[in-house]
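Take this sequence and fold it.
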Amino acid sequence: MYPSPTDPTYGVFVARCVTALQASGILTEVVGMGRHTALPAKLLAYLRFTVVANLAVLTGRYDCVYVHQPLHSLLPVVPAVLIRRARLIINFHGHDLLPVTRRGRLLSALLAPFFAGCARVLVPSRRFKTLFDQRYPGRPGGACSVFSSGGVSSVYFGTRTQLQERERSVLFLSRWVENKGWRDFISLARVLLASTPELRFTLAGIGPDEELIRDTLHKAGLEHAVNLVVSTTPESNRALYRAHRYFVFPTAFDESLALVNLEAMACGCVVLSSDFPAAAEYLEHDVNGFRFERATFVQRVAAVITELEADPLRAQGIADLAGATASKFDEREIMLRLPALLGLNDAA
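Numbers count the residues shown, from 1 in each chain. Take a look at the predicted model:
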């Protein structure tokens with residue numbers, strides 16, 4: 001996955017890693033694949049990726065082969081990796097370590113020997129490091145290190161408006177797929193609007209559920225009460241975070257980190273998230289944000305937002321602590337450690 005002229009935000013984290021390595025003086029050649037929606041175009045792109053990647057590994061004099069999203073990207077280059085006995089580094093992002101589909105689980109089983117034997121492994125959180133170490137105990141490969149999804153980009157830091165200077169507003173920003181929790185957000189809007197009609201709601205992002213979301217809002221009579229925004233760039237996301245008081249993330253996934261939570265915290269939002277395990281690594285309940293079980297998520301979030309609206313000093317204190325926590329995940333500091341995590345310091 002890599003940015004392309006037609007979708008410049010797809011795979012932007014991988015592009016940031018390339019930039020960081022090049023800034024450290026490490027020569028880096030990229031073989032990537034942009035996003036394609038039509039099946040024929042996707043198959044052709046995958047075939048091209050396979051050919052180009054294998055040729056690059058076989059003919060290049062590389063110190064290592066660094067594979068992102070290995071569940072999708074590693075299998076095509078297995079022949080070249082085996083022939084060259086290349087030093088393999090793997091960077092898991094989320095569902096490539098914890099697959100949620102039958103196909104993903106099958107690929108994970110096929111690639112398990114490479115996961116166990118590669119030179120280095122990077123994962124987004126301590127939670128995923130534990131999962132990896134449990135799955136591959138005593139593996140002969142090298143270290144498994146936490147790499148916090150590259151951190152929060154510096155564009156999110158800086159001057160933040162106080163909560164009381166923002167509209168009374170609630171934001172959902174994520175990929176528009178069922179398990180990210182957009183239905184819970186719509187239910188939350190219905191509950192809160194019944195008691196606090198002046199609250200504003202924004203459901204932002206992009207994804208395959210767009211028409212389903214529009215239909216759900218229409219059937220709930222909320223198409224004019226919930227603003228639907230297509231947002232795909234860091235700049236537009238930052239503007240949304242900074243315009244809202246509350247950020248709600250009702251995901252049903254076992255998220256690898258959920259960088260959106262940290263981005264919202266960096267922008268001074270009060271974050272109310274579902275209680276997936278990795279969230280506990282940066283969200284301390286009722287201190288710098290909130291974590292809730294999904295079974296009672298809508299009711300409890302509605303109650304907390306109502307309480308915070310009546311106690312602005314408490315809300316601002318939580319937002320201030322959230323910003324301080326997010327600053328510990330500053331992209332500049334995390335990316336500086338990337339060459340060492342990959343074992344490439346001597347190559348610079």
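
contacting residues around the longest helix along the chain?
Taking DSSP state H as the criterion, the chain has its longest helix at helix 39-59. With C-beta atoms under 8 Å, 6 or more residues apart in numbering as the test, helix 39-59 has contacts from 29, 31-34, 36, 65, 73, 76-77, 79-81, 83-84, 86. (C-beta placed from N, C-alpha, C; glycine too.)

swap the cut-off to 6 Å and go again
31, 33, 36, 65, 76, 77, 79, 80, 84, 86 (C-beta atoms under 6 Å, 6 or more residues apart in numbering).

do stretch 192-211 as well
167-177, 185, 189, 225-232, 240, 302.

and stretch 153-170, what's its mean pLDDT?
Averaging pLDDT along stretch 153-170 gives 89.

Can you give me the buried ones in that stretch?
Across stretch 153-170, burial judged by 16 or more other C-beta atoms under 10 Å covers 153, 156, 157, 160, 163, 166, 169, 170.

Kindly report the same for stretch 198-205.
199, 200, 201, 202, 203, 204, 205.

part of a strand, is the third one?
It refers to residue 201. Yes: judged by DSSP: H, G, I helix; E, B strand; the rest coil, residue 201 forms part of a strand.

and the protein, what are its domains?
For the chain, the domain assignment from automatic domain parsing gives the residue ranges 12-151+332-347, 154-329.

Among these, show the one with the smallest mean pLDDT.
The bottom spot among the domains of the chain, by mean pLDDT, belongs to domain 12-151+332-347, with a mean of 87.

tell me which element the residue nearest to residue 225 when sequence neighbours are not counted is part of?
Nearest residue to residue 225 in three dimensions, chain neighbours excluded: residue 193, at 5.9 Å (C-beta to C-beta, 6 or more residues apart in numbering). Here residue 193 sits within helix 182-195, counting by DSSP states H and E.

before we move on, the earlier item: reformat the buried residues of stretch 153-170 as TSV; add distance to residue 144 and secondary structure.
Compiled in TSV, those are given as follows (distance: C-beta to C-beta, whole Å; DSSP: H, G, I helix; E, B strand; the rest coil):
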residue	distance to residue 144	secondary structure
153	25	coil
156	28	helix
157	29	coil
160	35	coil
163	39	helix
166	40	coil
169	40	strand
170	37	strand
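
circling back: please identify the buried residues of the helix holding residue 193?
Applying 16+ other C-beta under 10 Å to helix 182-195 flags 182, 183, 184, 185, 186, 187, 188, 189, 190, 191, 192, 193 as buried.

Isn't residue 184 up against residue 250?
Yes: in this structure, residue 184 is within contact of residue 250 by C-beta atoms under 6 Å, at 3.8 Å.

Touching both of these two, which residues are there?
Listed as contacting both residue 184 and residue 250 by C-beta under 6 Å, 6+ apart are residue 297.

Now find how far off-centre the helix holding residue 193 is within its chain.
24 Å (C-alpha atoms, centre = their mean, to the nearest Å).

For the stretch 151-300 of the chain, which segments count as strands?
169-175, 200-206, 226-230, 246-249, 270-274, 290-292 (DSSP state E, counting those that start in this stretch).

if you compare the ones you listed, which one is most tucked away?
strand 246-249 (a mean of 28; mean count of other C-beta atoms under 10 Å).

Check which helices and strands that one is in contact with.
The helices and strands touching strand 246-249, judged by 3 or more C-beta pairs under 6 Å, 6 or more residues apart in numbering; DSSP states H and E, are strand 169-175, strand 270-274.

what are the pairing partners of that strand, and which direction each?
Partners of strand 246-249 in the sheet, by DSSP bridges, are strand 169-175 (parallel), strand 270-274 (parallel).

on that earlier part again, out of the contacts of helix 39-59, which sit inside helices?
79, 80, 84.

Write the PyMOL selection for whichever of the residues you listed are buried.
Listed next is the PyMOL selection for buried residues among those, using 16+ other C-beta under 10 Å:
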select buried, resi 80+84
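
Mind putting the ones in helices among the contacts of helix 39-59 into CSV with distance to residue 270?
As requested, those are arranged in CSV below (distance: C-beta to C-beta, whole Å):
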residue, distance to residue 270
79, 51
80, 49
84, 51
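
I appreciate the help and will end here.
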